[in-house]
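Trainee: Sequence and predicted structure, then a few things I'm wondering about:
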Amino acid sequence: MSGIDLAVIGGTGVYALARLEDVETHVVETRYGAPSGPVRVGRLGGRRVAFLARHGEGHSVPPHLVNYRANLAALQLLGATRVLALNTVGGITERFGPRVLACPDQLIDYTWGRISTLCEGEPWIDSGGEVLHVDFGEPYSRSLRQAVLAAARAAGVDLVEGGCYAATQGPRLETRAEIARLRRDGCDLVGMTGMPEAGLARELGLEYACLAVVANWAAGAGPDPDEVITLQDVLDNVAAASAGLADLIGAVADN
């Protein structure tokens with residue numbers, strides 16, 4: 001679809017894009033199957049932006065069953081060349097407490113059993129079976145990250161720059177020992193959907209960056225290691241951290 005450059009993928013607690021106007025709904029079928037739900041395309045500021053809820057608009061798709069290939073392919077079919085991923089995460093290190101919005105620059109993949117490449121299955125075979133050895137030293141596109149950081153400054157949105165995202169399997173949360181291991185590995189944030197999404201975006205030739213919405217301290221982290229995480233706390237923190245997202249995303253779209 002002409003006029004769409006930027007697509008946004010919403011994570012837990014973000015099932016619609018605030019201030020998206022003149023919305024059109026697109027039900028897209030891809031060579032990898034159906035995405036998590038319909039793609040909503042509308043106007044944000046002066047630009048057309050696409051939005052897709054990663055877990056479905058009713059949060060019915062767990063992280064290990066998301067059809068990441070279909071989600072990204074659907075956005076690309078609609079014309080998107082840049083994808084801004086919203087990932088709801090837990091904070092591990094001091095800079096990344098609840099209600100922080102962050103733009104990480106590295107990740108470590110701890111997931112397993114997910115389809116993590118385009119180089120698998122009938123769609124790949126039918127396309128000729130080219131093996132894609134993509135460079136992934138910088139897992140997030142530098143140009144899009146810089147656009148996000150500049151947009152945050154322009155919109156007056158507090159954004160923590162950098163950090164390492166740990167992608168875990170889910171849907172359960174992690175043990176204290178697992179979080180201690182992630183900290184030793186150099187991770188600052190932990191979530192369940194950062195991979196294989198980032199790697200697949202690179203294989204598809206899409207620019208891709210992450211906006212991590214910190215919903216809670218990870219197990220054993222933070223000032224109260226015995227804190228019990230409730231769903232309501234998570235949703236409240238996501239709402240607070242997301243307050244400036246529409247302004248930030250609109251500024252990215254205009255960049």
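Mentor: That came through fine.
Trainee: And the residue located most distally from the centre of the chain, which helix or strand is it part of?
Mentor: Most distant residue from the mean C-alpha position of the chain: Gly128, 29.6 Å away (CA atoms, centre = their mean). Remark: Gly128 resides in no helix or strand, with elements defined by DSSP states H and E.
Trainee: What ranges does this structure have for its strands?
Mentor: 4-10, 21-26, 39-44, 47-53, 82-91, 101-103, 106-109, 160-161, 164-167, 189-191, 207-217 (DSSP state E).
Trainee: hmm, who's touching the fourth one?
Mentor: Outside strand 47-53, the residues that touch it by CB atoms under 8 Å, 6 or more residues apart in numbering are 1, 3-10, 14-17, 20, 35-43, 59, 71, 74-75, 78-80, 249-250, 253-254. From N, CA and C alone the C-beta is placed, and that goes for glycine too.
Trainee: cutoff 6 Å now
Mentor: 3-4, 6-10, 15, 17, 37, 39-41, 71, 75, 78, 80, 253 (CB atoms under 6 Å, 6 or more residues apart in numbering).
Trainee: Can you verify my assumption that Thr88 contacts Val214?
Mentor: No: with contact defined as CB atoms under 6 Å, Thr88 does not reach Val214; the gap is 8.2 Å.
Trainee: of these two, who's got more company?
Mentor: Val214 (28 against 25; other CB atoms under 10 Å).
Trainee: Across the sheet, point out what pairs with the more buried one.
Mentor: Val89 (DSSP bridges).
Trainee: which ones are touching it?
Mentor: Going by CB under 6 Å, 6+ apart, the list of residues near Val214 reads 89, 91, 96, 98, 100.
Trainee: so who does the spatially most central residue of the chain touch?
Mentor: By CA atoms, centre = their mean, the chain has its centre lying nearest to Ala85, at 2.9 Å. Contacts of Ala85 were listed using CB under 6 Å, 6+ apart, and they are 9, 210.
Trainee: related to what we said a few turns ago, let me have the strands of the chain in CSV, extended by distance to Ser143 and mean pLDDT.
Mentor: Converted to CSV, those look like this (distance: least, CB to CB, whole Å; pLDDT from 0 to 100):
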stretch, distance to Ser143, mean pLDDT
strand 4-10, 13, 94
strand 21-26, 26, 95
strand 39-44, 20, 95
strand 47-53, 17, 96
strand 82-91, 9, 97
strand 101-103, 13, 97
strand 106-109, 17, 98
strand 160-161, 15, 97
strand 164-167, 19, 98
strand 189-191, 22, 98
strand 207-217, 6, 96
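Trainee: just the helices in the protein please.
Mentor: Here the chain has its helices, by DSSP state H, at 68-77, 121-126, 142-155, 176-184, 197-204, 231-241, 245-254.
Trainee: now could you export just the CA positions of the second one as PDB?
Mentor: Included here for helix 121-126 are C-alpha records, laid out as PDB according to Å, rounded to 0.1, in the frame of the first residue of the first chain:
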ATOM      1  CA  GLY A 121       9.700 -24.900   5.200                       C
ATOM      2  CA  GLU A 122       7.800 -24.800   1.900                       C
ATOM      3  CA  PRO A 123       7.900 -21.000   1.300                       C
ATOM      4  CA  TRP A 124      11.700 -21.100   1.400                       C
ATOM      5  CA  ILE A 125      11.900 -24.200  -0.800                       C
ATOM      6  CA  ASP A 126       9.400 -22.800  -3.300                       C
END
